[in-house]
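# Here's a sequence, model it:
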Amino acid sequence: MTNLLVKSEQLSLPIDLSSLTPMSKMSDRQFYEFCRTNPELRIERNANGEIIVMLPASADTGNRNSRISGQLFVWSEADGTGESFDSSSGFTLPNGATRSPDVAWILVDRWNALSSEQRASFAPIVPDFVVELRSSSDTLTSLQEKMEEYIANGVRLGLLIDRKNRQVHVYRLDREPEILDDPEAVNCDPELPRFALKMAKIW
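Numbering: from 1, shown residues only. The predicted structure follows:
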């Protein structure tokens, strides 16, 4: 049975999709087509096959996301070793989950190794770097679990930005998470050489 979890500022409602895919999980192709027919929504799928639909972010959250994405894009273009992605990008992780981080970055050699068909879908690749920005509808626990999933699947550096508590949780492979209190900037060396995410306009 496949379940649908709808998340917004006002609700979190599980909806049974068994009438669409009786007694089975939605296939990769069905999931891709479902996302294509609902382009206004941000849709993820966890490792258990549950579909998670997130309604559009608030204008304030979207503004902060664009500031993060903008900083990463400017650095990435100057550095030239990787490709940056915004929150509309979906990636299929080794555990079967399909995730759309708020911001992601992938080494260019790894990205170019994918076929054009793979890049045109939810690419079967783990980003090297991800950022998740906590919105008012997100629980800290749920985002921590997502960050742990990213790291377990091979993400080398992940930032969980908790605006409510003005903290940044820094996740790295083979290390315990580090919590930074109200940092002015977050140093992303050595995974992203000479990149520091400035926080002033993100808080």
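
# buried stuff in stretch 150-168?
Buried residues in stretch 150-168, counted by 16 or more other Cβ atoms under 10 Å: 150-151, 153, 155-163, 167-168. All C-beta spots, glycine's among them, are computed from the backbone N, C-alpha and C.

# Inside strands: which ones of those?
Mapping the buried residues of stretch 150-168 onto strands (DSSP state E) picks out 157-162, 167-168.

# Which of those residues sits closest to residue 56?
Among those, residue 161 lies closest to residue 56 (Cβ to Cβ), at 19.0 Å.

# List the residues that contact the closest one.
Residue 161 makes contacts with 68, 131-134, 168, 199, 202, as judged by Cβ atoms under 8 Å, 6 or more residues apart in numbering.

# Strands - which of the residues you listed land there?
Among those, the ones falling in strands (DSSP E) are 131-133, 168.

# Of those residues, just say which sits nearest to residue 26.
Distance to residue 26 across the ones in strands among the contacts of residue 161 (Cβ to Cβ) is lowest for residue 132, with 23.8 Å.

# which residues does that closest one bridge with?
For residue 132, the beta-bridge assignment (DSSP bridges) gives partners residue 160.

# Adjust the sequence numbering to begin at 57 for everything that follows.
Okay, residue one is now 57; in that scheme the one you just asked about reads as residue 188.

# show me what contacts it?
Applying Cβ under 8 Å, 6+ apart to residue 188 gives the contacts 157-158, 199, 202-203, 214-217.

# pLDDT score for it?
Listed pLDDT for residue 188 reads 98.

# cool, and residue 144?
Looking at residue 144, its pLDDT reads 89.

# Check for me that it belongs to a helix.
No. Read with DSSP: H, G, I helix; E, B strand; the rest coil, residue 144 is coil and lies in no helix.

# That one and residue 166, how far apart?
Residue 144 sits 20 Å away from residue 166, going by Cβ to Cβ, to the nearest Å.

# Neighbour count: those two, which is higher?
residue 166 (14 against 8; other Cβ atoms under 10 Å).

# Tell me the confidence at residue 87?
Looking at residue 87, its pLDDT is 88.

# Go ahead and report the secondary structure state at it.
helix.

# so who does it touch?
Residues counted as contacts of residue 87 (Cβ under 8 Å, 6+ apart) are 101, 107, 154, 178.

# Can you tell me which of those is closest to residue 93?
Of all the contacts of residue 87, residue 107 has the smallest distance to residue 93: 12.9 Å, by Cβ to Cβ.

# And the strands in this protein, which stretches?
Shown for the chain, the strands assigned by DSSP E span residues 59-63, 68-72, 98-101, 107-110, 138-141, 147-148, 154-155, 159-163, 185-189, 213-218, 223-228, 234-237, 241-243, 252-254.
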